[in-house]
Structures are given as structure tokens and as C-alpha cells.
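K.L.:
sequence-free structure coming up:
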């Protein structure tokens, strides 16, 4: 008999890549799921345990360290990024191999990126649009998506691919847009600016939980709020709400002279994500429907 969750036993979730979003998921599931968190860092064991997760030592770059993962969990939330170089994602390949033939695994949710779509010249983009990655970073994500879809079909596991745009939250390390505004990092002039989509970190964590319960098999879902902003307008909004100087605007050629190639890569793709599946299939009611709503509580406190 397989060890399946019942109403008398909490289901088990394995989080792979339990950073900021993973910890938000742990808090949301407290008391309802038993959460395991894979980590390669001994320094994070105490943090994960304090958050309510059971730490497991393992390294996605060391396949032998993953041998005990099969059979541990009813669901997996895979939030670990691919390596910084290479044509594919060996980390996802190693994880899929470790989870193969797991008798109790029923669901896997993967945090991908909207970068798999490439540049859509500002067009509204839903999940039926074929991947057209323009960067090596996005190509590694496409590789991971393909591997996981194959894994799901072969193993009878419902795999949900979350295609995530810019994540923001004022309490998120590296995700507080005020930091970029404070640095005075330039944005593109209006005529060269690109459309971009956003999601608040809390709504992304809630999406992960919704996908664990309601994700359709081998299905991609755009995870974006209802904002319709260009990137420069996004940072102008942040600056205005917190009484900061707006970032300088540069034409594309001038921006390329002062920004890194990685920064410029984000300014070379323009698309607006359609979030109908997020609302209709995962039945997520956004807590922060727009960036303005997401910034409002902290902006109000700043004015007090």
C-alpha cells in the first residue's frame, strides 16, 4: 500500500530552493502540511527549522546526495534556479532522476520565468505562445520545463509550470524596487521603453499553494498581476510613492554604454502577460491586483 495523505495525516511537501518565496509558502502551509526543505548549506539549517520546515541536506549539483528524496513527499515545489552557465539545467535533470518512481509523488510545481517567451514587442502573451528564449538564462529554463513535462507524463505526476515575471516586495532581499531607484540606475526613455509584468512576493507564494492543490497536469500558468506598465513607469511609480527622485531616462544606445549586458537583456524584451489561467484555473484572487496596491501599505506608513 502506498503512503498517501488522508484526512488523518498531513500531506508532505518537499521544497527545493527554499529561499524567500519558499519561506513564505512554509508560513502559509503551517499546520496543514508537513514541509521538508532541501538545502546544500549547513548555515541555513537553523533558519529553515525555525521557519517550520524540516531541513534535508542535499545538493542539486551532486546527484548522489539526492538519493533519499524518492518516496518522501506527496508534492514537490521546485524553486531552485539553473546554473549560471551552460545550455541546459542539470540540476533539474538530477532532481527528476532522484524523484523517478516515487510511489507517493502526485504533484510537482516549478517556478520558471516569463523570459521563456522572449521578446513579444509589447504584445499580450498567454501560455499558448511558444517559447522563444533570447538569452542563455531563459534557454536553461526552457530545458527545465521540457524535462519536467516529460517527467510528469512518464511518472504520472501533475506538473505545473509557473512562468514568473518581476517579483517585488518591500520586505524581500533583492526584490525591493526602492533599492534600484535609490542607486539612480537609468531606465529607458519613453520611446524605447519596454512593457513588463510584475507579481508581489506574497501573491506568488499564494500561487504556489494554489498550484499544489489545483494545478492541471503538464500545464503552464502565467503568474502576473493586472498592472499594465512599462519598466520606466514602474520605477517612476515607486519613486513617486516614496518621495524619491525619479530615475534618469536614457535612449537605448546611451543606456547600453552604462548598464551591464545582463541589465540590458531585461530591457530588450517587451511583453504583457495574460493571467486568465491564474484566475480561472488556479482560482487565485490576487491580494495585490496592481503594483500600486502592492506599494500602498508601505507608502502610507512612510507618510505617517
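P.N.:
Received, thanks. Being a predicted model, the structure only gives us computed values, none of them experimental. Residues are numbered from 1 along each chain as shown.
K.L.:
where do the helices sit along this structure?
P.N.:
Applying DSSP state H to the chain gives helices spanning 20-29, 45-51, 90-99, 136-155, 177-183, 201-214, 231-241, 252-258, 261-266, 276-280, 291-303.
K.L.:
Let's have the ones you listed in JSON lines, adding mean neighbour count.
P.N.:
Heads up, the C-betas are built off the backbone N, CA and C, glycines and all. Shown next, in JSON lines, are the helices of the chain (neighbours: other Cβ atoms under 10 Å):
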{"stretch": "helix 20-29", "mean neighbour count": "20"}
{"stretch": "helix 45-51", "mean neighbour count": "15"}
{"stretch": "helix 90-99", "mean neighbour count": "21"}
{"stretch": "helix 136-155", "mean neighbour count": "19"}
{"stretch": "helix 177-183", "mean neighbour count": "16"}
{"stretch": "helix 201-214", "mean neighbour count": "22"}
{"stretch": "helix 231-241", "mean neighbour count": "20"}
{"stretch": "helix 252-258", "mean neighbour count": "13"}
{"stretch": "helix 261-266", "mean neighbour count": "13"}
{"stretch": "helix 276-280", "mean neighbour count": "16"}
{"stretch": "helix 291-303", "mean neighbour count": "15"}
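K.L.:
Output the ones you listed in JSON lines, with mean pLDDT and distance to residue 60 appended to each entry.
P.N.:
Shown next, in JSON lines, are the helices of the chain (pLDDT from 0 to 100; distance: least, Cβ to Cβ, whole Å):
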{"stretch": "helix 20-29", "mean pLDDT": "98", "distance to residue 60": "14"}
{"stretch": "helix 45-51", "mean pLDDT": "96", "distance to residue 60": "16"}
{"stretch": "helix 90-99", "mean pLDDT": "98", "distance to residue 60": "4"}
{"stretch": "helix 136-155", "mean pLDDT": "97", "distance to residue 60": "11"}
{"stretch": "helix 177-183", "mean pLDDT": "95", "distance to residue 60": "28"}
{"stretch": "helix 201-214", "mean pLDDT": "98", "distance to residue 60": "19"}
{"stretch": "helix 231-241", "mean pLDDT": "97", "distance to residue 60": "31"}
{"stretch": "helix 252-258", "mean pLDDT": "94", "distance to residue 60": "34"}
{"stretch": "helix 261-266", "mean pLDDT": "90", "distance to residue 60": "22"}
{"stretch": "helix 276-280", "mean pLDDT": "98", "distance to residue 60": "27"}
{"stretch": "helix 291-303", "mean pLDDT": "88", "distance to residue 60": "31"}
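K.L.:
pLDDT at residue 80, what is it?
P.N.:
Looking at residue 80, its pLDDT stands at 98.
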